[in-house]
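Engineer: Just need the structure, nothing else, for what follows:
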Amino acid sequence: MAEKGLLVVISGPSGAGKSTVISELMKLRSDIRFSVSATTRAPRPFEEDGLHYYFRTHEEFARMIKEGEFLEYAEYVGNYYGTPAGPVNEHMAEGWNVLLDIEVQGAAQVMAKRPDAVSIFMAPPSFEELERRLRGRATDAEEKILGRLETARLECSQAKNYAYIVVNDDAEIAARKLDAIITAERCRSGRKLESIAEGDFLL
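Structural biologist: The predicted model follows:
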């Protein structure tokens, strides 16, 4: 039997560099799977069901909510998005560390339902650097940038609710910190004792 994997929840404001750090983390570890979300929006031409999203009707999504099948869900611009618990549990049982890159409201739902989740908040080095990164994209209007900065302040105020905080001032260093957290969490006595009880290894 494979040693059970971790449920890893990562949150952080837009501009914190989560995607870049996670890409670096994937170079360091081969035992990570991304959670696939379910959504009621229509698939785009290149998207495949089960790969990019689980595409569900509003009726199907409502049934899944009623039956408690989501770790978290939310409505956005008329459509629902959520993290189905089933595939996450299956991957973890196979030994994969399952990564959820979600915003703070969704993360709060997951942490409330799954106290075993490893929660990590990724923060920018400073708000000045965050603003520089957002403006450096040169894709958003001033009003949208100011809105993102205000949202970032609200999100960062929730960092205290996470088990770990990783400051991303260098993507490679931040990735190594994530790698170290995952390794340390997999070595926790409580998790190892579960494996011992199941006979995965002998003392």
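
Engineer: When you work out contacts or count neighbours from here on, use the C-alpha atoms and nothing else.
Structural biologist: Will do.

Engineer: Only C-alpha atoms, please: export stretch 139-150 in CSV.
Structural biologist: The C-alpha trace of stretch 139-150 is given here as CSV (Å, rounded to 0.1, in the frame of the first residue of the first chain):
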residue,chain,number,x,y,z
THR,A,139,-2.5,44.5,-19.1
ASP,A,140,-4.9,46.1,-16.5
ALA,A,141,-6.4,49.5,-16.2
GLU,A,142,-5.6,51.7,-13.2
GLU,A,143,-8.9,51.0,-11.6
LYS,A,144,-8.4,47.3,-11.9
ILE,A,145,-4.9,47.5,-10.4
LEU,A,146,-6.1,49.4,-7.4
GLY,A,147,-8.9,46.9,-7.0
ARG,A,148,-6.4,44.0,-7.0
LEU,A,149,-4.2,45.8,-4.5
GLU,A,150,-7.2,46.3,-2.1
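
Engineer: Name the residues of it that come out as buried.
Structural biologist: 145, 148-149 (16 or more other CA atoms under 10 Å).

Engineer: Let me see the ranges of the helices in this structure.
Structural biologist: For the chain, applying DSSP state H gives helices covering 18-28, 58-66, 85-93, 104-113, 127-136, 142-156, 171-186, 189-197.

Engineer: pLDDT weak spots in the protein?
Structural biologist: 1, 194-203 (pLDDT under 70).

Engineer: at 50 instead, please
Structural biologist: When residues are selected by pLDDT under 50, those of the chain lie in 1, 202-203.

Engineer: Could you give the number of residues near Phe46?
Structural biologist: 6 (other CA atoms under 10 Å).

Engineer: Over to Tyr53?
Structural biologist: For Tyr53, the count of nearby residues is 20 (other CA under 10 Å).

Engineer: Could I get the contacting residues of it?
Structural biologist: 36-39, 47 (CA atoms under 8 Å, 6 or more residues apart in numbering).
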